[in-house]
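Student: sequence plus predicted model, see below.
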Amino acid sequence: MNKHHEVLDPLEVDVSAPRAGHVIEDAADAARRIMDSLLRTGRNNPHLEQIRDQLHAIADTLDEYSSGIDARLVEMWAGDGTNRHDPVSGTENPIAPPFLFRGRSDGSIRGEATLGLPYQGPPGMVHGGVAALVLDHALGCVNGYAGTSGMTGWLKVRYHRTTPLFEPLVVTARQTSVEGRKIHTVGEIAAADGGVCVSAEGLFIAGQLDRPRSL
């Protein structure tokens, strides 16, 4: 059996924040659909001016109920757990695909998602910078799952083959060692056929920025 499509570990636990069931997540889903649909339509679409005006009207409504940046950051980072706003697994961030990571009993994590045109680099393939972003996030997630997390010191990314759009991608990561404040972590992105597309190893320095709080 392909190692990337094995039977799910019955002891898996959420590492990314799961969907909370709030309508803002549905709105983020709709925004993802808009981004994808806008890239799929052509310049000959006769409704583009109307669509432009409707999108600006929606943005105006959102802005009307937006708080200042400082207040919004406090709201985003409330509590001490994972948040739903990051650009890889954030269910409330329309930029995120999102990859939802789950921790496994062997200490590794696994996530799966299908990327579309908003993430394109070469024709029909994932942009290399997007792949690096996904792996940096996955490595950070598995560090948190392992109990020793930190900030990225360096990230070494190796591109083995092009990473396809429009098919499920599996991302795995595991922490390999901790030496004082230095945390070593590895991960990879594999295609539906199980072949590794991109791999990464990272050095993280233990510690995190303080979360913003109300005065």
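Tutor: Perfect, thanks for sending it. Numbers count the residues shown, from 1 in each chain.
Student: contact partners for the residue nearest to L209 when sequence neighbours are not counted?
Tutor: Spatial nearest neighbour of L209, excluding adjacent residues (Cβ to Cβ, 6 or more residues apart in numbering): M151 at 7.7 Å. Quick note: C-beta positions are derived from backbone N, CA and C, even for glycine. M151 is in contact with 204-205, 207-209, counting by Cβ atoms under 8 Å, 6 or more residues apart in numbering.
Student: ok, those vs H47, which is closest?
Tutor: For H47, the closest of the contacts of M151 turns out to be L209, at 44.3 Å, with distances computed as Cβ to Cβ.
Student: ok, now how distant is L209 from E75?
Tutor: 17 Å (Cβ to Cβ, to the nearest Å).
Student: before we move on, back to that, format the contacts of M151 as TSV; extra columns: secondary structure and distance to R110.
Tutor: Output for the contacts of M151, formatted as TSV (DSSP: H, G, I helix; E, B strand; the rest coil; distance: Cβ to Cβ, whole Å):
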residue	secondary structure	distance to R110
F204	strand	19
I205	strand	25
G207	coil	26
Q208	coil	23
L209	coil	27
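Student: any chance of TSV for those, columns neighbour count, pLDDT and distance to R161?
Tutor: Shown next, in TSV, are the contacts of M151 (neighbours: other Cβ atoms under 10 Å; pLDDT from 0 to 100; distance: Cβ to Cβ, whole Å):
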residue	neighbour count	pLDDT	distance to R161
F204	24	98	26
I205	13	97	31
G207	9	91	35
Q208	10	88	34
L209	7	88	35
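Student: among those, which one sits closest to L155?
Tutor: F204 (9.2 Å).
Student: can you name the residues that contact the closest one?
Tutor: Taking Cβ under 8 Å, 6+ apart as the test, what F204 contacts is 139-140, 143, 149-153, 182-185.
Student: same thing with V196?
Tutor: When the contact criterion is Cβ under 8 Å, 6+ apart, the partners of V196 are 160-161, 188-190.
Student: now P18
Tutor: 91, 100.
Student: and it, how far is that from P123?
Tutor: Plainly put, P18 is 34 Å away from P123 if you go by Cβ to Cβ.
Student: could you do A28 as well?
Tutor: 28 Å.
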